[in-house]
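Novice: need coordinates for the following:
(2 chains)
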Amino acid sequence: DTAVSQTPKYLVTQMGNDKSIKCEQNLGHDTMYWYKQDSKKFLKIMFSYNNKELIINETVPNRFSPKSPDKAHLNLHINSLELGDSAVYFCASSRGLAGDPTQYFGPGTRLTVL
Amino acid sequence: LAKTTQPISMDSYEGQEVNITCSHNNIATNDYITWYQQFPSQGPRFIIQGYKTKVTNEVASLFIPADRKSSTLSLPRVSLSDTAVYYCLVGDTNAGKSTFGDGTTLTVKP
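Specialist: Below is the predicted model:
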């Protein structure tokens, strides 16, 4: 069984569209994260949720809205997609709070905005 | 919040030992140091974690000096399949945030 799963793996869309990425973890962890990895491989945290509550919200445009229906799921919805949103988005989870350095990552979703 | 600094890239040859250092001058008392490995088209994967001195597992060793302001990931006898990006992460289980380094791209050549 995959510990942290994301769908879809690839997402190609036009500028201005709205899209969602789903994430699920079956590890029983309390904290989930969304990271953005750009072409230079920098991993930047976007959001962190602990037991369905928002803990971290970095300087991310409000076009990005995370939603956590339960502590095993953290979905990412993006409105009005822009070219600069093209990147790989990783979901992760940890047992402890958002500072927990032991994080388990999903396989990533490669988003391409045309 | 501990900022981390790593070399951007390193080259090595098969069979050599590779040491990658991460600087974290502002590490907090309760912070642990964790290293991750990322292959192309995959998510980062946990390699090793330590608090001080030396930790060794089947994959790597982690050396942390007494002042804990840096850490060194040591990969013994690398192979081509060790070509990847290596990240260090400093954080505390009960803290609000942890910080990834910018990653070191290791290229192992035949």
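Novice: and the lowest-mean-pLDDT helix or strand in chain B, which strands flank it?
Specialist: Lowest by mean pLDDT, DSSP states H and E among the helices and strands of chain B is strand B:99-100, with a mean of 80. Strand B:99-100 sits in its sheet next to strand B:84-91 (antiparallel), going by DSSP bridges.
Novice: just the CA atoms of the partner strand, as CSV, please.
Specialist: Only the C-alpha atoms of strand B:84-91 are listed here, as CSV (Å, rounded to 0.1, in the frame of the first residue of the first chain):
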residue,chain,number,x,y,z
ALA,B,84,20.3,12.1,-6.8
VAL,B,85,19.5,15.3,-5.0
TYR,B,86,20.2,15.3,-1.3
TYR,B,87,18.4,17.6,1.1
CYS,B,88,19.0,18.3,4.8
LEU,B,89,16.1,19.3,7.0
VAL,B,90,16.3,20.8,10.4
GLY,B,91,13.3,20.7,12.7
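Novice: tell me the mean pLDDT for that strand?
Specialist: Averaged across strand B:84-91, pLDDT comes to 93.
Novice: contacting residues around B:I48?
Specialist: Applying CB atoms under 8 Å, 6 or more residues apart in numbering or on different chains, we find B:I48 in contact with B:34-35, B:55, B:57, B:59-62, B:73. In short, each C-beta sits where N, CA and C put it, glycine included.
Novice: for PyMOL, what selects the buried ones among these?
Specialist: Buried subset of those, written as a PyMOL selection, criterion 16 or more other CB atoms under 10 Å in any protein chain shown:
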select buried, chain B and resi 34+35+55+60+61+62+73
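Novice: lowest-confidence entry in the contacts of B:I48?
Specialist: B:V59 (91).
Novice: wait, a helix at that residue?
Specialist: No: counting by DSSP: H, G, I helix; E, B strand; the rest coil, one finds B:V59 to be coil, located in no helix.
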